[in-house]
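Colleague: quick one, what's the 3D model for this:
(one chain, ligands or ions: 1)
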Amino acid sequence: MDLSSLNSIAQSMVAPNKGILAADESTPTIGKRFASIDTESTESNRQIYRNLLFTSPNVSEYISGVILFDETIRQSTNDGTPFAEHLTSLGIVPGIKVDKGVKGIPFCDGETVTEGLDGLDERLDEYYELGARFAKWRAVISISDDLPSKNCIRLNAHALARYAALCQQAQIVPIVEPEVLMDGTHDIDRCFDVTSEVLQEVFAELNNQQVALNGIVLKPNMVISGMDAANRADIPTVASATVKCLSENVPDEVPGIAFLSGGQTSEEATAHLSSMNEMGPHPWQLTFSYGRALQAEPLKVWSGVDGNIEAAQEAFIKRSRLNSLARTGNYHPQMEEA
Ligand code: 13P
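Modeller: Numbers count the residues shown, from 1 in each chain. This is a model prediction of the structure:
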């Protein structure tokens with residue numbers, strides 16, 4: 001294992017003024033996104049859509065890395081260049097989702113553990129050959145009156161660390177993603193407590209399994225009120241609670257923290273990130289690894305119509321540019337209208 005090269009990949013994933021595009025929706029998930037724009041989810045439509053995103057003009061000014069799905073890393077641009085090679089040629093690091101989704105935990109109603117460890121070492125070697133230099137594994141933790149259970153947190157932290165160690169052994173940077181879901185009526189304090197407990201368990205397991213912390217990127221949720229909470233915390237409150245939680249639980253050696261958007265609107269996700277960076281400097285880069293918050297607008301503008309591709313690329317670049325400004329705390333909501 002070459003630790004210094006893992007660290008330099010991680011550093012380029014969290015490079016200043018840029019962030020990561022999560023375009024790794026599984027076939028069922030992209031099917032739901034396409035259904036929302038009345039577009040059939042065929043392999044060809046999925047290639048057209050991903051090609052649109054990855055070939056947007058000047059994309060590498062704002063995007064440092066792209067997370068791909070298994071099908072996508074085997075697809076090519078319209079001119080026949082494999083997507084991973086195309087991205088690499090632009091200085092964008094290609095990554096790959098390697099988890100196999102979630103399964104219910106016996107005796108823990110409503111809770112899941114993420115699967116995909118069996119055979120992962122061989123899959124990582126193949127993805128490296130295909131050009132991937134980082135990977136993603138998403139663990140899911142739900143909040144309710146009596147969730148999460150200690151067992152759910154422990155099982156997911158253990159699997160995340162097993163995955164992370166296997167990635168580093170294969171010279172691939174692991175994105176470690178423990179997502180505490182926004183679903184529910186809980187308040188921000190409860191999200192703070194659960195996120196803290198989850199991060200503590202995750203870093204304890206990463207240490208147990210000797211994962212090099214300077215060769216990972218953490219992808220957490222923000223500390224935020226539940227989607228259906230009676231009174232939702234405002235932007236500065238979310239920003240300061242999130243920074244407090246991370247400062248207490250994330251070691252300084254971690255090069256960067258790349259947030260998921262998790263169901264926030266595009267505008268909220270950008271505003272929260274900007275507000276956190278305004279509070280800096282922080283020991284780690286604070287950046288984005290958004291799926292929905294980067295893609296909602298371009299997806300809608302495209303709507304499966306060839307004639308809309310250019311406008312969809314403009315919408316994607318606009319969103320990416322606003323998030324790039326949020327990397328230095330320089331986003332303002334008035335910029336949405338410009
Ligand atoms: P969202 O930003 O849509 O939450 O997706 C990020 C992601 O990669 C979830 O695993």
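Colleague: from this protein, which residue is nearest to the ligand?
Modeller: Gly291 (2.8 Å; Cβ to the nearest ligand atom). The C-beta positions use only the backbone N, C-alpha and C, and glycine is treated the same way.
Colleague: show me the contacts for that residue.
Modeller: Contacts were defined as Cβ atoms under 8 Å, 6 or more residues apart in numbering; by that measure Gly291 touches 21-25, 260-261.
Colleague: let's have the residues you listed in JSON lines, adding distance to the ligand.
Modeller: Listed next are the contacts of Gly291 as JSON lines, based on distance: Cβ to the nearest ligand atom, whole Å:
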{"residue": "Leu21", "distance to the ligand": "9"}
{"residue": "Ala22", "distance to the ligand": "3"}
{"residue": "Ala23", "distance to the ligand": "9"}
{"residue": "Asp24", "distance to the ligand": "6"}
{"residue": "Glu25", "distance to the ligand": "8"}
{"residue": "Leu260", "distance to the ligand": "4"}
{"residue": "Ser261", "distance to the ligand": "3"}
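Colleague: are any of the residues you listed buried, and if so which?
Modeller: 21-25, 260-261 (16 or more other Cβ atoms under 10 Å).
Colleague: surely Thr242 is in a helix?
Modeller: Yes - the assignment for Thr242 is a helix, going by DSSP: H, G, I helix; E, B strand; the rest coil.
Colleague: ok, it touching Ala233?
Modeller: No - under the criterion of Cβ atoms under 8 Å, Thr242 makes no contact with Ala233, lying 10.3 Å away.
Colleague: comparing these two, which shows the higher neighbour count?
Modeller: Neighbours per residue (other Cβ atoms under 10 Å) separate Thr242 from Ala233, with Thr242 holding more: 27 against 19.
Colleague: what's the pLDDT at that one?
Modeller: Looking at Thr242, its pLDDT is 99.
Colleague: need phi/psi at the closest residue in space to Glu40 that isn't next to it in sequence.
Modeller: Nearest residue to Glu40, sequence neighbours excluded (Cβ to Cβ, 6 or more residues apart in numbering): Phe34, at 6.9 Å. Dihedral pair for Phe34: phi -70, psi -40, per degrees, to the nearest 10.
Colleague: what about Asn78, is that helix, strand or coil?
Modeller: Applying three-state DSSP: Asn78 is coil.
Colleague: just give the nearest non-adjacent residue to it, would you?
Modeller: Closest to Asn78 by Cβ to Cβ, 6+ apart is Asn51, at 5.6 Å.
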